[in-house]
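# Need the 3D shape of this:
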Amino acid sequence: MQPIGKFLIFAGALLILFGLFLSFSSKLPLGRLPGDIIIKKGNFAFYFPLATSILLSIILTVIMYFLNKR
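Sure, this is the predicted structure:
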């Protein structure tokens, strides 16, 4: 049962980090980066966070690389 315990600890740590991220996300510029596409016409608004998606993809790729390297 040791692998299950390690998984639960890792999942709990991820939930804590995600909760902290959500708490402080209003202070981060994510979602308002240059390169994000915003189209507003009348009462229609289209928002596509292109630059934010690329940045998060790069960060997650680096994290996954270091986690799988061991």
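
# So which residue is dead centre in this protein?
In the chain, the centroid-proximal residue (CA atoms, centre = their mean) is residue 56; its distance is 5.5 Å.

# where's it, which helix or strand?
Assessed by DSSP states H and E, residue 56 sits inside helix 50-69.

# Report all helices and strands that that helix contacts.
In terms of contacts (3 or more CB pairs under 8 Å, 6 or more residues apart in numbering; DSSP states H and E), helix 50-69 is not packed against any helix or strand. For every residue, glycine as well, the C-beta is placed using N, CA and C.

# May I have the longest helix seen in the chain as CSV, with CA atoms only?
Longest helix in the chain, counting residues (DSSP state H): helix 2-24. The C-alpha trace of helix 2-24 is given here as CSV (Å, rounded to 0.1, in the frame of the first residue of the first chain):
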residue,chain,number,x,y,z
GLN,A,2,3.0,2.3,0.0
PRO,A,3,2.5,3.5,-3.7
ILE,A,4,-1.1,4.5,-2.9
GLY,A,5,0.1,6.5,0.1
LYS,A,6,2.7,8.3,-2.0
PHE,A,7,0.1,9.0,-4.7
LEU,A,8,-2.3,10.5,-2.1
ILE,A,9,0.4,12.7,-0.7
PHE,A,10,1.3,13.9,-4.2
ALA,A,11,-2.4,14.5,-5.1
GLY,A,12,-2.9,16.4,-1.8
ALA,A,13,0.1,18.6,-2.5
LEU,A,14,-1.2,19.3,-6.0
LEU,A,15,-4.6,20.3,-4.6
ILE,A,16,-2.9,22.7,-2.1
LEU,A,17,-0.8,24.3,-4.8
PHE,A,18,-3.9,24.6,-7.1
GLY,A,19,-5.8,26.2,-4.2
LEU,A,20,-3.0,28.7,-3.6
PHE,A,21,-2.8,29.5,-7.3
LEU,A,22,-6.6,30.2,-7.4
SER,A,23,-6.3,32.4,-4.3
PHE,A,24,-3.6,34.6,-5.8
